[in-house]
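K.L.:
here is a sequence together with a model predicted from it:
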Amino acid sequence: KAGVTQTPRYLIKTRGQQVTLSCSPISGHRSVSWYQQTPGQGLQFLFEYFSETQRNKGNFPGRFSGRQFSNSRSEMNVSTLELGDSALYLCASSHTSDSYEQYFGPGTRLTVT
Amino acid sequence: DQQVKQNSPSLSVQEGRISILNCDYTNSMFDYFLWYKKYPAEGPTFLISISSIKDKNEDGRFTVFLNKSAKHLSLHIVPSQPGDSAVYFCAARSLSGSARQLTFGSGTQLTVLP
């Protein structure tokens, strides 16, 4: 069974631009969560989608948004990029939003210059 | 407000010895705890978990202990191997209330010396 895939793996953008990251969950998984990882901060929860609906949202500004498609694939968008948005963005999938264990993709390394 | 804390950013252990990684939490609503391991340039991989109704769970060389009264859990790796060198994240969640999503600690870099 294929794991969680994320594209692109690396991205360099400049301040003020916007970016879209993509995540394909494990086949059969319907819940997708997004996390931001920065040095010393661990993984900060961004949001979770299940059946195309946002189920949960973390404490991030409105510049961070996401969506989920009918095939469970998910995209995350960040508008008006700031230097502080440089991070590893991780996507995780699980069977349902009540599943305890999540399976992570390799992440997208975003650098904002 | 960090609800899950890993106070040791790094730990070095000799190969063959025991590695003990610690984690503290503040939210009493958490009812399930997990440990993830992360290598550079890879996403975290699930290692072991424990429900709040238990105080110990073992899987091969890995054992997780939960002390609910102290709001503390620990991961023991015995014996430690060089391949265990990675960042270990503690995570917690609840199926109810505002703690439904996984809340992670900041991680501990484990280095196992040959």
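P.N.:
In hand now; what should we look at?
K.L.:
buried residues, stretch A:22-30. List them.
P.N.:
For stretch A:22-30, burial by neighbour count (16 or more other CB atoms under 10 Å in any protein chain shown) applies to A:23-26, A:29-30. C-betas here are computed from N, CA, C, even on glycine.
K.L.:
which of those residues sits closest to chain B?
P.N.:
Closest to chain B out of these is A:C23 (10.7 Å), distances taken as CB to the nearest CB.
K.L.:
contact partners for the closest one?
P.N.:
A:4-6, A:32, A:34, A:73-76, A:91, A:93, A:105 (CB atoms under 8 Å, 6 or more residues apart in numbering or on different chains).
K.L.:
name whatever forms a beta bridge with it.
P.N.:
Beta-bridge partners recorded for A:C23 (DSSP bridges): A:Q6, A:S74.
K.L.:
could you give the number of residues near the residue in chain A that chain B sits nearest to?
P.N.:
With CB to the nearest CB as the measure, A:F104 is the residue of chain A nearest to chain B, at 3.3 Å. Neighbour count of A:F104, defined by other CB atoms under 10 Å in any protein chain shown: 22.
K.L.:
just give me the neighbour total for the nearest residue to A:G105 once chain neighbours are set aside.
P.N.:
Leaving aside its sequence neighbours, A:G105 sits nearest to A:V4 (CB to CB, 6 or more residues apart in numbering or on different chains; 3.6 Å). Using other CB under 10 Å, A:V4 has 21 other residues around it.
K.L.:
and A:V4, how far is that from A:A92?
P.N.:
Computed with CB to CB, to the nearest Å, the distance linking A:V4 and A:A92 is 7 Å.
K.L.:
intersection of neighbour lists for those two?
P.N.:
In contact with both A:V4 and A:A92: A:103-105, B:43, using CB under 8 Å, 6+ apart.
K.L.:
and for the closest residue to the residue of chain A closest to chain B other than its chain neighbours, the neighbour number?
P.N.:
Sequence neighbours aside, B:G43 is the residue nearest to A:F104 in space, at 3.3 Å (criterion: CB to CB, 6+ apart). Around B:G43 there are 23 other residues, counting by other CB under 10 Å.
K.L.:
ok, now A:P39?
P.N.:
9.
K.L.:
helices and strands around the worst-scoring helix or strand of chain B on mean pLDDT, which ones?
P.N.:
Across the helices and strands of chain B, the lowest-confidence element by mean pLDDT, DSSP states H and E is strand B:103-104, at a mean of 91. The contact analysis (3 or more CB pairs under 8 Å, 6 or more residues apart in numbering or on different chains; DSSP states H and E) places strand B:103-104 against strand A:42-50, strand B:86-93.
K.L.:
so the longest one versus strand B:86-93, what angle?
P.N.:
Read it as strand A:42-50. When axes from the mean of the first three to the mean of the last three CA atoms, to 10 degrees is applied, the directions of strand A:42-50 and strand B:86-93 differ by 50 degrees.
K.L.:
show me what contacts the residue minimising distance to the centre of chain A?
P.N.:
Centroid check for chain A by CA atoms, centre = their mean gives A:W34 as the closest residue, at 3.3 Å. By CB under 8 Å, 6+ apart, A:W34 lies in contact with A:23, A:45-48, A:66, A:74, A:76, A:89-92.
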